[in-house]
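sequence plus the predicted model coming up.
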Amino acid sequence: MAGDFNGQNLFWGSSCTDQRGAQIEHAALHSELTIIPNDNETRITKPHERQSATDVVFTSPQLNSRTELVILDETLGSDHLILKIKIRNTVKQQLPTIQIWKISDANWDEYRNYLMNNLASINETAVTPENVQRVYDSFSEAVEAAANVNIPRKQISPYTKSYIWWNESCKEVSNQRQNAVTNYRRNKTVANLKNLEEKSKAASQVVMREKRESWKTLCSNLSTNPTHAQPSAWKMLATLNGTRNSNSGFVNPIVYPSICREVMEKITKPSTPAPQILLMHATNIKPFSITELETALGKRKRDTCPGIDEVTYSMIANLPAFTKRILLDIYNCCYLNNYIVNQWKKVKVIYIKKPNFNVNDASGLRPLSLISCFVKLLNSMINTRIEIFVETQGLLPAQQNGFRKRHSTLNCLTDLQMKVLSGRDEGLSTLCCFLDIKGAFNDVRIDKLTSIMMHMGIPPHSAAWVDKFFNYKTYLDGANEISGSQGLDQGSVLSPLLFNIYVASFHSMLPDPFGHTLSFADDFMILTQGHDPFNNKEQMKRHLQHALPKLTKLGFRINYSKTKLMSFFDKLPTHVKNDLCIELDIASSESSPSNAPSEHLTIQITSTYKYLGIVLDDRLRGTAQVNAVSSRCVSDVNAMKAMRGSNWGSHPDTLEQLFKHVFLPKIDY
């Protein structure tokens, strides 16, 4: 416990002891707290005044011997010096310091000159399957060396704050103020005091100006699109204040090695390569052009987390023209000959906490794969070709949404609403089953996926590349290493489109006629309508008996505890509506033998369900959604209240921006 107790005492650094200081000392002696001794001032006084120390630090007896008080020559504009309290841990948890590229300070001219000098020797080398690994080794090593020489790095410590508004101007005025404090403490003259006041005022003005501009920039960079991520005002304030705490969205594998390894082992399976795909009969396979490469680079408007090689999109975009040609030759050699260089097989894994994360529960972590930007660019070009083929050939059904242009969550929600309301107008009730899939991307069978791609007529070079790229990888997280396949890596450019192709096979396997189905990525919904709610139940049961084995055949696992039924406009009382629950006997997995006992399951009915971010109720009144939005906005309102007293975020224009970017997207969606 520390603070300004407005009391003077010789014990904590004052030049005298006053009545309040004596009271504080007496209270401390009769409590379980101890005072950390101090023999220096903690407050700036005028030249004719005595040394003043009104700031006191209390600790428990157990911490007293391990606590150290250091007074810094810094005031941050107030008349109190900063107190730095050090507590020495008996066992200090070592967290690694993160180094990232400071791209804004890169010397791109020297970067390009370095590459032109060091890659001139391989400029005339023809890239073949026999030498592509050697050429890529030389190429990537040169890029990494050029970056190390011409792009500075900055360290991010997990123990310190990182302010987005801190820049060279703030650093300069802060140093000037600190020097003024040091000079005044050494020589308490009127001139030095006046200089300290001037430097403190100037520093405060610069810091407030930079805070204000950073806050405006932070707000303006947010999207007003209601279908995009909707930030919390408190998280934005934490970003501005540089707050790093244990509630960060990332989990450090060095701190939690066992649970991270459990996650990796859970999602990593033995590779299942498809049968040999013959490429010699494939015709009209054009090599990638420099235009396709530049288009793929143009889509990467900002740098994302790089892979193990730490090469970013900015480094690739700033390559000299002839080195881009070398890279394009490497891409074409790998794609046309179904060859993948060794570095692209190594994937860095990071872990993001799910809501209500528990350190003892591996299901509370979502793994993300950080893949080399070099191979992500190649995958982006391949993805574009596959997407054009799939969409122009109409291979994805209209009811399949997500990861497609003009097929957003709003399409699913609008389709559902129109079906339910049109049924109500015709006197029909609607029964929906919302299926919850566990770990859908990681459960994709790559051999089945490539077989589906070949059946659809997708060019064999693309199918062969998918088989090659997603099998036999090595996954590393800094504490663990494991080999195999994680299905479709969450973080790969190809994964969303390939998942859609995989799911399209599920829609094609359903018998005709079948109840209305909708899917958005891994969120599936089956809908039936009729005059009698209990007839809807029997129809839904038949539909589920057809659909669930198909999903199991694809390797998907259904989370039946989260799978729910919802009946709209059925006019049934609550105690009767509960009879709409469906009981099923389902095989536990695709690999279960035919004589294995089935699993008896009950799918419960609910009156409200959160579907694609919207809380639905059984009469589509919207009350449940309004209540949910209101509760989500309460914390944002409190954040706006917290900014009232600031001179960097309380301006009406700033608050209006915050309202547009934080409140309105939640309401509009």
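Received it, and whenever you're ready, just let me know what you need.

any idea how the protein splits into domains?
Here the domain assignment for the chain is 2-87, 103-156+250-393, 168-241, 409-445+490-607, 623-668, based on the TED database.

compare those and give me the one nearest residue 613.
Across those, residue 613 has its closest neighbour in domain 409-445+490-607 (6.7 Å, Cβ to Cβ). (Each C-beta comes from the backbone N, C-alpha and C, glycine too.)

what is the neighbour count of residue 581?
Other residues within reach of residue 581, judged by other Cβ atoms under 10 Å, total 12.

start the count at 848 instead of 1 going forward.
With the count now opening at 848, the last piece we talked about shows up as residue 1428.

quick check: residue 946 vs residue 998, distance?
11 Å (Cβ to Cβ, to the nearest Å).

report the mean confidence score over the top helix by length along the chain.
Looking across the chain with DSSP state H, the single longest helix is helix 1037-1067. Mean per-residue pLDDT for helix 1037-1067: 87.

ok, now stretch 1375-1383?
94.

need the helices for the stretch 948-1097 of the chain, in chain order.
Using DSSP state H, counting those that start in this stretch, the helices found in the stretch 948-1097 of the chain span residues 955-965, 979-997, 1015-1033, 1037-1067, 1080-1088.

the second one vs helix 955-965, what angle?
Put simply, helix 979-997 runs at 140 degrees to helix 955-965, going by axes from the mean of the first three to the mean of the last three Cα atoms, to 10 degrees.

hang on, the earlier thing: dump the domains of the chain to CSV, plus distance to residue 1311.
Shown next, in CSV, are the domains of the chain (distance: least, Cβ to Cβ, whole Å):
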stretch, distance to residue 1311
domain 849-934, 59
domain 950-1003+1097-1240, 4
domain 1015-1088, 35
domain 1256-1292+1337-1454, 13
domain 1470-1515, 42
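
output the lowest mean pLDDT helix or strand found in the chain.
Between all helices and strands in the chain, the lowest mean by mean pLDDT, DSSP states H and E belongs to helix 908-911, at a mean of 67.

ok, then the element right after it?
strand 914-918 (DSSP states H and E).

in the helix or strand just after that next one, what's buried?
Sequence-wise, the next helix or strand downstream of strand 914-918 (DSSP H and E) is strand 930-934. Across strand 930-934, burial judged by 16 or more other Cβ atoms under 10 Å covers residue 930.

ok, the longest strand along the chain: who's next to it in the sheet?
Assignment by DSSP state E gives strand 1276-1285 as the longest strand of the chain. As defined by DSSP bridges, the strand partners of strand 1276-1285 come to strand 1370-1377 (antiparallel), strand 1404-1405 (antiparallel), strand 1411-1415 (antiparallel).

to residue 1099, which of these lies closest?
Comparing the strands paired with strand 1276-1285 by Cβ to Cβ, strand 1404-1405 comes nearest, at 28.2 Å.

circling back: how far does the longest strand of the chain sit from the chain's center?
Computed by Cα atoms, centre = their mean, to the nearest Å, the chain-centroid distance of strand 1276-1285 equals 28 Å.

whichever helix or strand comes after that strand packs against which elements?
Using DSSP H and E, the helix or strand that follows strand 1276-1285 towards the C-terminus is helix 1293-1303. Contacts defined by 3 or more Cβ pairs under 8 Å, 6 or more residues apart in numbering; DSSP states H and E place helix 1293-1303 against helix 1307-1316, helix 1342-1356.

among those helices, which is the most enclosed?
Across those, the average number of neighbours (mean count of other Cβ atoms under 10 Å) peaks for helix 1307-1316, which reaches a mean of 22.

how far off centre is that helix?
Using Cα atoms, centre = their mean, the offset of helix 1307-1316 from its chain centre is 28 Å.

tilt between it and helix 1293-1303?
Using the same axes, to 10 degrees: helix 1307-1316 against helix 1293-1303 is 180 degrees.

could you dump helix 1307-1316 to PDB, C-alpha only?
C-alpha atoms of helix 1307-1316 as PDB (Å, rounded to 0.1, in the frame of the first residue of the first chain):
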ATOM      1  CA  PRO A1307      -5.100 -31.500 -60.300                       C
ATOM      2  CA  HIS A1308      -2.100 -29.300 -59.700                       C
ATOM      3  CA  SER A1309      -4.200 -27.400 -57.100                       C
ATOM      4  CA  ALA A1310      -5.500 -30.600 -55.500                       C
ATOM      5  CA  ALA A1311      -1.900 -32.100 -55.400                       C
ATOM      6  CA  TRP A1312      -0.600 -28.900 -53.800                       C
ATOM      7  CA  VAL A1313      -3.300 -29.000 -51.000                       C
ATOM      8  CA  ASP A1314      -2.300 -32.600 -50.300                       C
ATOM      9  CA  LYS A1315       1.400 -31.700 -50.200                       C
ATOM     10  CA  PHE A1316       1.000 -28.500 -48.200                       C
END
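
does anything pack onto that helix? Which helices or strands?
helix 1168-1183, helix 1220-1239, helix 1293-1303.

what are the pairing partners of the next helix or strand along the chain from that helix, and which direction each?
Downstream of helix 1307-1316, the first helix or strand assigned by DSSP H and E is strand 1320-1323. Strand 1320-1323 pairs in its sheet with strand 1193-1200 (parallel), strand 1328-1331 (antiparallel), by DSSP bridges.
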